[in-house]
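> using only what follows, build the 3D model:
(chains A and B)
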Amino acid sequence: MKNNVIQDERAVALKRQISSEAFNLVMGSLVISLLVKQYVLDVPFSQSMTEILCLSGAALYVLVRNIIAGNNVYESKKGSKKSLIYSSLAGGLGVCLSAGIFNYAKYSEKYANNWMFLAILAILFVSGSLFVFFMYLPIYKINQKRQKMIANELDKEEDDI
Amino acid sequence: MKNKRMKIARIERDMKQEDLAKAVSVTRQTIGLIEAGTYNPSLNLCIAICEALGKTLNDLFWEEEHEE
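Reported below is the predicted structural model:
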């Protein structure tokens, strides 16, 4: 039986864009749900497992799929090594801010002075940055290896005309 | 189907894939895939490649089997 449905390339591209937007909306909603549960409703951590599993599963899929496809996930004008360091520092800042706010909301009356809280923030920032760095490092190595494999394949094809 | 004409035009200009990729703002991998015939570039990208190599769309992208 012949398929009479027209495969219009413009329509296909638009459908893909719509799916991509829907994915971003779902991811954003999961993040908001997680933040509300943790900081507003103060529910036990186990209650947020669905959001965490969906977010981490989706992030892992996007990362692995991009690396396998050959997209450079650390591509930037400043160079991939600097991008790794900036990502780690940004991650550390995120950890510092979110955990710092949570910490202040729960334990502010127990601090003798503001220096203790600043020391906590500094520890959070450093430990957060180091954690993110060591999480990103294997991804960076795998990405570099994949990029090198692709460059070698292209170099082989260069010699054939 | 491989795009040998594009590859030859690039070599005539003493350009590596990396050079052409930078000239048209894509990755080297994209240029490689276009030359290998496994990726269909957009019309805008085809035009940019033609301008970078000093050729016309017919020279690089018109398939010979369409000529009559």
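
> number of nearby residues for residue 5?
You didn't pick a chain, so chain A it is. Using other C-beta atoms under 10 Å in any protein chain shown, residue A:5 has 5 neighbouring residues. For every residue, glycine as well, the C-beta is placed using N, CA and C.

> switch to chain B, please.
17.

> domain parsing for chain A?
A:1-69, A:74-161 (automatic domain parsing).

> what would these look like in CSV with mean pLDDT?
Putting these into CSV (pLDDT from 0 to 100) gives the following:
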stretch, mean pLDDT
domain A:1-69, 90
domain A:74-161, 85
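
> so can I have a markdown table of those showing distance to chain B?
Shown next, in a markdown table, are the domains of chain A (distance: least, C-beta to the nearest C-beta, whole Å):
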| stretch | distance to chain B |
| --- | --- |
| domain A:1-69 | 9 |
| domain A:74-161 | 4 |
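
> what strand or helix carries residue 29?
Using chain A here. In this assignment (DSSP states H and E), residue A:29 forms part of helix A:9-35.

> should've been chain B
helix B:28-36.

> so which bits of the helix holding residue A:29 are buried?
A:30, A:34 (16 or more other C-beta atoms under 10 Å in any protein chain shown).

> any idea which of the domains of chain A is most buried?
Neighbour counts (mean count of other C-beta atoms under 10 Å in any protein chain shown) averaged over each of the domains of chain A peak at domain A:74-161, with a mean of 14.

> just the closest residue of chain B to chain A, please.
residue B:32 (4.4 Å; C-beta to the nearest C-beta).

> wait, what's in contact with that residue?
Going by C-beta atoms under 8 Å, 6 or more residues apart in numbering or on different chains, residue B:32 touches A:153, A:154, A:157, B:17.

> repeat that for residue A:158.
So residue A:158 contacts B:16, B:17 (C-beta under 8 Å, 6+ apart).

> next: residue A:33.
Taking C-beta under 8 Å, 6+ apart as the test, what residue A:33 contacts is A:48, A:51.

> how about 6 Å then?
residue A:51 (C-beta atoms under 6 Å, 6 or more residues apart in numbering or on different chains).

> just residue A:55 next, same as before
Residue A:55 touches residue A:30, counting by C-beta under 6 Å, 6+ apart.

> can you tell me the SS state at it?
Here residue A:55 is recorded as helix under DSSP: H, G, I helix; E, B strand; the rest coil.

> ok, now residue B:15?
From three-state DSSP, the assignment for residue B:15 is coil.
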